[in-house]
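Q: structure for the following, please:
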Amino acid sequence: MNRRTFLGDAVVAGLSGCARSVRPAGLPAGGLGPDRLPALMPIRAQTDRIFRITVCVRPFRAAGPRLDVERVGDKTVVHNYGHGGSGWPLSWGSSSIAVEMAMRAGERNVAVIGCGALGMTSAILLQRAGEKGTIYAKERPPDVRSARATGSWTTDSRIALTSAVSADFPARWEKMCRTSFHTYESYLGMAGNPIEWTDRYVLFGESKAMARPSQELDFAHYQDRVSDLTPRSKPLPPGTHPFPSPLATRTSSLTFNIAGYSRQLMNDFFVEGGRLEKVEFHSPAELSQVAENVIINATGYEARALWRDESIVPVRGQIAWLIPQPEVNCGVFYKGVYILSRRDGIVVQDGGIGEMGGTTTRPRSQIGRLRRGRWKSRRSCTPECVGELSIVLLRGAIDSARTSNLGVGGIPGWRAGSAGSGDPSEKLQWVPQREDEGGRAESGRPGNRHARMGKSSR
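A: Okay, here's the model as predicted:
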């Protein structure tokens, strides 16, 4: 696959699709009726509007999340970790199961280790069950790994392998999913919109066959079990949408504005008398230091080292963050690139498998490798998320397409590729970046001066 074409087309498509919606010729004044497209505003996707690049290491377990009970000395430990890319979506349902297990121990004083998505929800559910609520953690939001998640309703993202789960896991997954969904309903309409419904657009070429990264792992997919929770995808025939692709679909899904949502959870926890202590545990034996006899272990990827759990496989994902735009309120997926506008930033991410086995949280620049034609996938592995690269490519693609027009109602827009070329990277020249120790480009703004006009190397 030509990654330059792949990323360039995808991001240009996302921007074009977020241009204002107009009535295409031949359609009645009422547009598409009750389900007609809303006004879609353009994304200001300049490289100097990237305010950060983050990397999240997801804790994937082939058998699915660990939800069981273990005795450690005189402590009862309930494990609640290993949710892959579905930590936020499944958090309330999974934590409900963990809290139920903890309460069976008969103790009236239960603690939680970890302050990410699973830790916060476990602690709040303990409070609702009548417990005091204490969290022991070395970090709290916004410094936890959960704060770097995509923020979408992806309930079976890297959740398990079909060949490795127990026979009852699909039913347990469905229970977690439905419990979480109905809990999230109570956060809709709150000040700041910590949780909200937003539209999603999936763009296709001539065929509606979804292009998926080649993979040899049998990742479990269970969305059909809960298809009643969210709207069905509706086709958008050619000429009814502003995207530079023949076919598109539209649906709506939950969006997690994680910065505001995490703050809401922490406020809820403290209002009910919750206590948070900054502690770092290095081995299970150190749990003897805490007063509580029942502990919910919600340490996510950290459980691999803390519990010597080699079943946890890290899946590394990288995101570039554009400055938020309140007027943009949708997500676009095209050729593997995912763009999601949230209240706390516009996410640009490779929507593929992620980097299996990647452990570093330092952002990586792939521009040099791409230019030299060395973008190679390893067995059961695709390249890491390349939001940074998407935006660098986007800038040149927009420059080269600035005189083109979508031809939708006369509204200026961008077409995939420059005049006379189907490849938006045709006029780009790639220059490798050097990163500082903090993982950002030396200019302070990632990708700032690394796409310039000229004939690209092949």
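Q: contacts and neighbour counts: CA atoms only from here.
A: Fine.
Q: tell me the domain boundaries of the chain?
A: 3-26+35-58+314-453, 60-193+257-312 (automatic domain parsing).
Q: lowest mean pLDDT across these, which one is that?
A: The weakest mean pLDDT among the domains of the chain belongs to domain 3-26+35-58+314-453, with a mean of 51.
Q: before we move on, which element is residue 305 in?
A: helix 303-306 (DSSP states H and E).
Q: could you do residue 175 as well?
A: Here residue 175 is assigned to helix 169-184, by DSSP H and E.
Q: pull out the buried positions in that helix.
A: Buried residues in helix 169-184, counting neighbours by 16 or more other Cα atoms under 10 Å, are found at 169, 170, 173, 174, 175, 176, 177, 178, 179, 180, 181, 184.
Q: what are the contacting residues of it?
A: For helix 169-184, the external contacting residues (Cα atoms under 8 Å, 6 or more residues apart in numbering) are 64, 89-94, 155, 195, 222, 225-226, 229.
Q: mind jotting down where the strands sit in the stretch 101-250 of the chain?
A: Using DSSP state E, counting those that start in this stretch, the strands found in the stretch 101-250 of the chain span residues 110-113, 134-137, 195-204, 234-236, 247-256.
Q: burial check on residue 200, number of neighbours?
A: 20 (other Cα atoms under 10 Å).
Q: my read: it touches residue 334, true?
A: No - Residue 200 lies out of contact with residue 334 (Cα atoms under 8 Å); the separation is 11.0 Å.
Q: overlap of the contact sets of these two?
A: Common neighbours of residue 200 and residue 334 (Cα under 8 Å, 6+ apart) do not exist.
Q: what sits against residue 285?
A: Per Cα under 8 Å, 6+ apart, neighbours of residue 285: 72, 73.
Q: confirm it sits in a helix?
A: Yes - according to DSSP: H, G, I helix; E, B strand; the rest coil, residue 285 belongs to a helix.
Q: any idea how far it is from residue 326?
A: For residue 285, the distance to residue 326 equals 48 Å [Cα to Cα, to the nearest Å].
Q: could you pull out the helices for the stretch 101-250 of the chain?
A: Along the stretch 101-250 of the chain, the segments classed as helices by DSSP state H, counting those that start in this stretch run 117-128, 169-184.
Q: distance to residue 259 for those helices - can I get that in a markdown table?
A: Formatted as a markdown table, the helices of the stretch 101-250 of the chain follow (distance: least, Cα to Cα, whole Å):
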| stretch | distance to residue 259 |
| --- | --- |
| helix 117-128 | 12 |
| helix 169-184 | 16 |
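Q: circling back: next structured bit after the helix holding residue 305?
A: strand 312-322.
Q: which residues touch the helix holding residue 305?
A: 81, 281, 282, 283, 284, 309, 310, 311, 312.
Q: now, of those, which are buried?
A: For the contacts of helix 303-306, buried by 16+ other Cα under 10 Å: 81, 312.
Q: next, residue 341: secondary structure please.
A: strand.
Q: contacting residues for it?
A: For residue 341, the contact set (Cα under 8 Å, 6+ apart) comprises 324, 325, 328, 329, 330, 331, 347.
Q: name the member of the residues you listed with the most neighbours.
A: Of all the contacts of residue 341, residue 331 has the most neighbours under the rule other Cα under 10 Å, reaching 27 neighbours.
Q: just to be sure, that one is in a strand?
A: Yes - the assignment for residue 331 by three-state DSSP puts it in a strand.
Q: what degree of burial does the closest residue to it other than its chain neighbours show, as a neighbour count?
A: Of all residues not flanking residue 331 in the chain, residue 340 sits nearest, at 4.1 Å (Cα to Cα, 6 or more residues apart in numbering). By other Cα under 10 Å, 24 other residues sit near residue 340.
Q: identify the residues contacting residue 340.
A: Neighbours of residue 340 in contact, by Cα under 8 Å, 6+ apart: 330, 331, 332, 346, 347, 348.
Q: just list whatever residues bridge to it.
A: Residue 340 has these beta-bridge partners by DSSP bridges: residue 331, residue 347.
Q: quick one: which of the contacts of residue 341 is nearest residue 103?
A: Nearest to residue 103 among these is residue 347, at 38.6 Å by Cα to Cα.
Q: picking that back up, got a markdown table for the contacts of helix 169-184, with distance to residue 268 too?
A: Shown next, in a markdown table, are the contacts of helix 169-184 (distance: Cα to Cα, whole Å):
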| residue | distance to residue 268 |
| --- | --- |
| 64 | 29 |
| 89 | 19 |
| 90 | 19 |
| 91 | 16 |
| 92 | 14 |
| 93 | 18 |
| 94 | 19 |
| 155 | 24 |
| 195 | 15 |
| 222 | 31 |
| 225 | 31 |
| 226 | 29 |
| 229 | 26 |
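Q: could you work out the most separated pair of the residues you listed?
A: 64 and 195 (25.4 Å).
Q: thinking again about what came up before, of all the helices of the stretch 101-250 of the chain, which lies closest to residue 292?
A: Going by Cα to Cα, the one of those nearest residue 292 is helix 117-128, 13.1 Å.
Q: what is that closest one packed up against?
A: Here helix 117-128 touches helix 87-103, strand 110-113, strand 134-137, helix 258-271, going by 3 or more Cα pairs under 8 Å, 6 or more residues apart in numbering; DSSP states H and E.
Q: return the most buried member of these.
A: strand 110-113 (a mean of 28; mean count of other Cα atoms under 10 Å).
Q: partner strands of that one, with direction?
A: Here strand 110-113 has these sheet partners by DSSP bridges: strand 134-137 (parallel), strand 294-297 (parallel).
Q: would TSV of the strands of the stretch 101-250 of the chain with distance to residue 72 be doable?
A: Output for those, formatted as TSV (distance: least, Cα to Cα, whole Å):
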stretch	distance to residue 72
strand 110-113	14
strand 134-137	17
strand 195-204	37
strand 234-236	52
strand 247-256	35
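Q: just name the most buried of those.
A: Using mean count of other Cα under 10 Å, strand 110-113 ranks as the most buried of the strands of the stretch 101-250 of the chain, with a mean of 28.
Q: in CSV, list the C-alpha atoms belonging to that one.
A: Taking Å, rounded to 0.1, in the frame of the first residue of the first chain, the C-alpha atoms of strand 110-113 are listed here in CSV:
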residue,chain,number,x,y,z
VAL,A,110,-12.5,-1.7,50.0
ALA,A,111,-9.7,0.2,48.1
VAL,A,112,-8.8,0.6,44.5
ILE,A,113,-5.4,0.6,42.9
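Q: what sits up against that strand?
A: 102, 119, 122-123, 126, 131-137, 292-299.
Q: looking at the strands paired with strand 110-113, which is nearest to residue 59?
A: Closest among the strands paired with strand 110-113, using Cα to Cα: strand 294-297, at 13.8 Å.
Q: pull the CA atoms of the closest one into CSV?
A: Written as CSV, here are the backbone C-alpha positions of strand 294-297 (Å, rounded to 0.1, in the frame of the first residue of the first chain):
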residue,chain,number,x,y,z
VAL,A,294,-10.1,-6.0,49.9
ILE,A,295,-8.5,-4.3,46.9
ILE,A,296,-9.6,-3.8,43.3
ASN,A,297,-6.6,-3.9,41.0
